[in-house]
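Novice: build me a model from this:
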Amino acid sequence: MAFKTPKQRSRERVVQAVYQYLVSGGEVLQIEQQFLNQKEGKISKAFFSNLFINILKNRTSLDELIAPTISRETDELGSVEHAILYLGAYELQNSIEVPYKVVINEALELTKLYGAEGAFKLINASLDQLAKELRSIEVNA
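Specialist: Down below sits the predicted model:
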């Protein structure tokens, strides 16, 4: 992939960290430190921590947001796809300063990198629907 901004790298790490948490559980603060201490590529540490901690804190409400937008139960999602949907849904809901198209595009890029083949269709459809609900004014502008 081409040059990545610190925020793009942070999102990538958030997905990896959430994935690790979903797959193996573990102590949230330990996982956070592990990913903050990685040396390759500059990230925005505050941006990473804010996303990671808040996504895990709000998993139940994020699942409630995601559930109506997908054709299966949220617990049937692959962990990578689940982590990416958490990131996208959280940003659509809480990072109003990030244009919805950027949120969806970043999620799709991460899906192409880490997700199962064809998973981008599910991610795109789900986040598209969420954008229409959460950012209707922006989407309709």
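
Novice: measure residue 75 to residue 138 for me?
Specialist: Using C-beta to C-beta, to the nearest Å, residue 75 is found at 30 Å from residue 138. C-beta coordinates here come from the backbone N, C-alpha and C atoms, glycine included.

Novice: so for those two, which sits in the more crowded spot?
Specialist: Between residue 75 and residue 138, residue 138 has the larger neighbour count (other C-beta atoms under 10 Å), namely 14 against 8.

Novice: what helix or strand does the residue most central in space within the chain sit in?
Specialist: For the chain, the residue sitting closest to the mean C-alpha position, by C-alpha atoms, centre = their mean, is residue 87 at 1.8 Å. Using DSSP states H and E, residue 87 sits in helix 79-94.

Novice: beyond that helix, next helix or strand please.
Specialist: The element immediately downstream of helix 79-94 (helix or strand, assigned by DSSP H and E) is helix 100-114.

Novice: packing partners for the helix holding residue 87?
Specialist: If you count contacts as 3 or more C-beta pairs under 8 Å, 6 or more residues apart in numbering; DSSP states H and E, helix 79-94 packs onto helix 6-24, helix 45-57, helix 59-66, helix 100-114, helix 119-134.

Novice: quick check: angle from that helix to helix 6-24?
Specialist: Counting by axes from the mean of the first three to the mean of the last three C-alpha atoms, to 10 degrees, helix 79-94 lies at 130 degrees to helix 6-24.
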